[in-house]
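Engineer: sequence and predicted structure are below.
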Amino acid sequence: MELSDSVVKGLQTLADPACFDFRAFTAFTEVAFDSLLSSRTDRALDLPELKKIDQALLKHCHVATTTFILEGIKQNADKSTISSCLEDVKFDSERVDAFYTSYQKNKRNLESLLSSIDRCPPHITDASWRLEYCMKNGHVHNVNQPTFLISFNTEDGGNEGTSSDVNFSCTLEQLQDLVGKMKDAAKSMERATQL
């Protein structure tokens, strides 16, 4: 998994026994998973095991840990992937095992959570167009140029089939550019589905 420098530093701090003894580590790990699954996050880091740790450091580690958890869930990471990433940031085997146990315990709930917040972008269900010929503009200049008025009817899959129209006008060059880009996108989708 690709992790940012901030996430790596936060995880390295979490791996350091001088900052987090094993008892504080296990409590912190449970809090990190619970904070992702629960809407009740008020004072989640105020456990007695975590009182002696600097609050700024604690928050940094919390952000790094939750980012790592969500990235692992998003990529459907297995034990070897999680273990190798955690070992790269200096987790010992005991901490890796404790983290992975919590990961496995909460994985299904986190997958459900992430899938429930997925939003489908609107997709085009119909298109219509008409040609308009502009002879003069608002400044009384002769234009003599065709303009295409395009209307896409879109349907939002995430909102129980809500449909709306997207309207715009373009010149012939802009329309040719749009058609070219749409053809490129269709070819890319074909290639992606053949893999």
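Structural biologist: Structure's in. What do you need?

Engineer: quick check: residue 123 touching residue 154?
Structural biologist: Yes - look at residue 123 against residue 154 with CB atoms under 8 Å: they come within range, at 6.5 Å. Every residue, glycine included, has its C-beta placed from N, CA and C.

Engineer: mind listing the helices for this structure?
Structural biologist: Under the criterion DSSP state H, helices of the chain are mapped to 5-15, 22-37, 55-74, 79-88, 93-116, 172-194.

Engineer: relative to residue 127, which of the ones you listed is closest?
Structural biologist: helix 172-194 (10.4 Å; CB to CB).

Engineer: in that closest one, which residues are buried?
Structural biologist: residue 175 (16 or more other CB atoms under 10 Å).

Engineer: check stretch 146-162 too.
Structural biologist: For stretch 146-162, by 16+ other CB under 10 Å, it's 147, 148, 150, 152, 154, 155.

Engineer: right, and the fifth one touches residue 121 too?
Structural biologist: No - counting by CB under 8 Å, no contact exists between residue 154 and residue 121, whose distance comes to 9.0 Å.

Engineer: so which of the helices of the chain is nearest residue 131?
Structural biologist: Nearest to residue 131, of all the helices of the chain, is helix 172-194, at 9.7 Å by CB to CB.

Engineer: which helices and strands does the closest one pack with?
Structural biologist: Judged by 3 or more CB pairs under 8 Å, 6 or more residues apart in numbering; DSSP states H and E, helix 172-194 is in contact with strand 142-156.

Engineer: burial measure for residue 122, as a count.
Structural biologist: A count of neighbours around residue 122, defined by other CB atoms under 10 Å, yields 18.

Engineer: any idea how far it is from residue 186?
Structural biologist: 17 Å (CB to CB, to the nearest Å).
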